Structure formats: C-alpha cells, structure tokens
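Visitor: what would the 3D arrangement of this be:
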Amino acid sequence: MDSSDSDQYDEDLFNAQDMDTDDEFDREVQRRRRTTQDFDLLLLNLKPSVGRRGILAENFDLSKYTDYQCQRYFRFHTAQDVEQLRGLLRMPDMMRTETGTVAPGLEVLCITLRRLAYPCRYVDLGTMFPRSESALCQLFNLGLNHIYDNFSPKIIELNQPWLTLPQLHMYCDVIADKGAPLQNCWGFIDGTVRPICRPSEIQRELFNGHKRVHGIKFQSIVTPDGLIANLFGPMSGRRHDAALLNASGLLDHMERHYNINGQPLCIYGDPAYPQRPHLYRPFLGHNLTPQQQQFNTDMSSVRQVVEFGFGKVVENWAFLDYKKNLKLFLSPVGKLYHVGAILTNCLTCMYPAHGGLVNYFEIDPPSIDEYLQ
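Guide: Prediction:
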C-alpha cells in the first residue's frame, strides 16, 4: 500500500477502537489485516514475477530458443543438438553442487556453454538463467568439472578408437594427396600461448618474451579431419615449445606405438622443434638446395591450412581469449582451455561441413557418438 492507504488504514483502525466490545474490535482488526494482505497479493499478481535485480523469475526453457539463438548463445545449432550433447556427455537429469544448489543437467550444460561462448558477468547471465550470481558460478564450475573429469582423456591420451593405425594411415594419405612430400605424416604439432591476467606472483615465470604477455602454454596436435587429437599443458608461458615436447613424453609414446615395420609415422612442426624420426620440421639455413626449399614450401602450404584448427578453440569460446577473466590462482585457467578444446572437437564432429579442414582434406571426422563413447 502507498502512504495514503496506510494513513486511511490507521485512521479506520483508530475509529474501530471506539467499538463497544473487545470481540468487535478484534474482528475489525482481523478484517483490516486480511484486506491488507489481499491488497498486497493483488499487487504481486498484477506485476510480472521478478527475481533478484529485476530478473524475470521464469524457469530456463531451452525449447523457447530459436536455432539462431542456440548457435549464438551456445554454439550448437539447435536445441535438439544441445539436448543430444547433454546425453552424450552423461550429465544427469538433475545435478547438485557441493553447497546443495540443484539444477537440471541441461541447464548446467547451457550455463557452461553460454559462459564460455562470450565474456560476460554472472549478473548478465541472470537474464537467461534466473539464479543468483553465486549459484550461477557454482553451476558453471559444476558443468566445467563434469566435462573435464569425464572427457579430458579424449584429448590427453592418444590411444583413442579414432586414432587406430588404419586411421593414421588414412590421415597420411590425404595429407600426401594435397602435395605434401612426406608420405608418413598424420598430423601437425604446434605450441600456443594463452594470455592471462598479470598475476601477483611468479610474473617472470609466466611472461612470454616473444608474445610480450603473461600466459600459459599448451601443445596440441591437429589431424586433417579438424580434430585436436592431443593437448598437453598448461606450462608456464616462458617455456620453449621444445620443453613442452620433452615434458609431454609424446615422442616416447610414438616410438613405442607408431613404428610399423621400421617405417615410423610422424607429425610435422615448425622450426622450433627438433628433428626426430617421428617429428619433422622445415630444413634450416640459408644455403638450402632447391629440393629442400621445395620441401619447405609444400609442407608449409598444408600446415598453414591446419593452423585453422588451432584458432577454432578461442574462435568458438571467446571467453578463453579474454585475459582479464583468466586469473591464475583464482580460476582454473588450464581446465578452461581443456574443456574448450573438448567442446571444439564436439562441434567439429557434429558439424563437419562447417570445418575448413574437412572441406580442404575431404575426410570426415568421427561422429559425435563415436567421439564421446
């Protein structure tokens, strides 16, 4: 009620005190009180239901989003695709945080996708998900941890169903068909620096002099079908690509498993890497033979196309490219990039026609079911 209604109510109640009996007075008080409650309820019914900070307090309903909105907010093209992804990621129908916040698994996934898709504050997410900022933060971390804990081996380990020896030989064939002089190259390796917010501690350890940023480094291998087949890291930004290679144990694994009948399968990298039987790089020096120069040119042409795969992670999940939110010791910056790589592979598998690598090398990635099995 406004002030005039309140004054009228007090005046009526004062007049009611002149009634003859206490029973009549009590009945009048109760009647006035019920009238006030009914008036307040009427106002609540007339106004739209609002939550914290004026957010519409309606349950999240993915079916209300158009295909354009799904692709813009969640990066997957339809609501049905997001629901399929939830099932393949084995996210339960209902999920609970450590503090007891309960939410449908589909909503947890959508919160995770929306947060990663573009830098935004939790208060901004409240217009889409009617929850408090603390609850949204907890649910985002819940979804992030679920994906990482259950599916990080998909990009950490090389012994995957889609990386069998016949499949690796198929990769070698399609790369050679595009003019690569190497007949046994199945993928391309590179290191990437992901900038982070300048930390309060160990600044020198994290500073990358080449990029002139504080950051963390990852090593990844991309295959011709556009998948990030292997991801190692993070390590401090000052480390050289060769240091990541040595720490990853990648060459030892390839020597044990990718050496068939004395012909090793190899990957190709930039000049920062050492020359090994399972790892090739461009010929170095100023006095190269015409054959060596042609080798460098031909391998560079196919490798430049594959570099598209390294940029897809931050292209699809722009939150990972916003260093002000990537604060070491305050947020799981390494885990964020791993989950971004997993979800990027999911996009590649679900929409192969939208991948530049697939169109160039003309080889399809595994289906989303095969990738997440």
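Visitor: by mean pLDDT, which helix or strand of this protein comes out lowest?
Guide: Counting by mean pLDDT, DSSP states H and E, the weakest-scoring helix or strand in the chain turns out to be helix 3-16, with a mean of 46.
Visitor: tell me the mean pLDDT over stretch 299-306?
Guide: The pLDDT scores in stretch 299-306 average 84.
Visitor: CA atoms of that stretch as PDB?
Guide: What follows is stretch 299-306, C-alpha atoms only, in PDB (Å, rounded to 0.1, in the frame of the first residue of the first chain):
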ATOM      1  CA  MET A 299      54.800 -28.700 -46.200                       C
ATOM      2  CA  SER A 300      54.100 -25.100 -45.300                       C
ATOM      3  CA  SER A 301      51.100 -24.900 -47.600                       C
ATOM      4  CA  VAL A 302      49.400 -27.900 -46.000                       C
ATOM      5  CA  ARG A 303      50.400 -26.900 -42.500                       C
ATOM      6  CA  GLN A 304      49.000 -23.300 -42.800                       C
ATOM      7  CA  VAL A 305      45.600 -24.800 -43.600                       C
ATOM      8  CA  VAL A 306      45.800 -26.900 -40.400                       C
END
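Visitor: quick one: contacts of it?
Guide: 175, 178-182, 188, 222, 224, 268, 270, 280, 282, 356-357, 360-361 (CB atoms under 8 Å, 6 or more residues apart in numbering). Using the backbone N, CA and C atoms, a C-beta is placed for each residue, glycine as well.
Visitor: what of stretch 319-330?
Guide: Residues contacting stretch 319-330 (CB under 8 Å, 6+ apart): 115-120, 194-197, 199, 201, 206, 213, 215-216, 313-314, 331, 333, 336-337, 340.
Visitor: now do stretch 127-144
Guide: Taking CB under 8 Å, 6+ apart as the rule, stretch 127-144 contacts 51-52, 55-60, 73, 91, 95, 97-99, 101, 103, 107-112, 114-115, 121-123, 125-126, 332, 335-336, 339.
Visitor: buried stuff in it?
Guide: 128-132, 135-144 (16 or more other CB atoms under 10 Å).
Visitor: among these, which are in helices?
Guide: Judged by DSSP state H, helices contain the following of the buried residues of stretch 127-144: 135-144.
Visitor: where do the strands of the stretch 51-200 of the chain begin and end?
Guide: Assigned by DSSP state E, counting those that start in this stretch, the stretch 51-200 of the chain shows strands spanning 94-96, 102-104, 185-195.
Visitor: what's the angle from the host helix or strand of Asn296 to strand 185-195?
Guide: Assigned by DSSP states H and E, Asn296 belongs to helix 290-316. For helix 290-316 against strand 185-195, the angle between stretch directions is 50 degrees (axes from the mean of the first three to the mean of the last three CA atoms, to 10 degrees).
Visitor: got the angle between the helix or strand immediately after helix 290-316 in the chain and strand 185-195?
Guide: Next along the chain after helix 290-316, taking DSSP H and E as the criterion, comes helix 333-350. Orientation check (the same axes, to 10 degrees): helix 333-350 against strand 185-195 gives 140 degrees.
Visitor: tell me the helices and strands packed up against helix 333-350.
Guide: helix 79-88, helix 105-117, helix 133-151, helix 153-156, strand 213-222, strand 228-236, helix 290-316, helix 368-372 (3 or more CB pairs under 8 Å, 6 or more residues apart in numbering; DSSP states H and E).
Visitor: report the angle between the axes of it and helix 105-117?
Guide: 110 degrees.
Visitor: what mean pLDDT does helix 333-350 get?
Guide: Here the average pLDDT along helix 333-350 is 96.
Visitor: quick one: that helix to helix 133-151, angle?
Guide: Using the same axes, to 10 degrees: helix 333-350 against helix 133-151 is 70 degrees.
Visitor: residues of helix 333-350 that come out buried?
Guide: Here helix 333-350 shows 333-350 as buried, counting by 16+ other CB under 10 Å.
Visitor: coming back round to it: would CSV of the ones in helices among the buried residues of stretch 127-144 with distance to Lys323 be doable?
Guide: Shown next, in CSV, are these (distance: CB to CB, whole Å):
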residue, distance to Lys323
Ala135, 26
Leu136, 21
Cys137, 19
Gln138, 24
Leu139, 24
Phe140, 18
Asn141, 19
Leu142, 24
Gly143, 22
Leu144, 18
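Visitor: ok so, going back, in ChimeraX, how would I select the buried members of the contacts of stretch 299-306?
Guide: Selecting only the buried entries of the contacts of stretch 299-306 in ChimeraX, with 16+ other CB under 10 Å as the criterion:
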select :175,180,182,188,222,224,268,280,282,357,360,361
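Visitor: now do Arg115 against Phe218, distance only.
Guide: Relative to Phe218, Arg115 is positioned 20 Å away (CB to CB, to the nearest Å).
Visitor: so between the two, which is more surrounded?
Guide: Arg115 (26 against 23; other CB atoms under 10 Å).
Visitor: now that one: closest residue in space, sequence neighbours ignored.
Guide: Phe140 (5.1 Å; CB to CB, 6 or more residues apart in numbering).
Visitor: look up how far Lys217 lies from that neighbour.
Guide: Distance from Phe140 to Lys217, by CB to CB: 25 Å.
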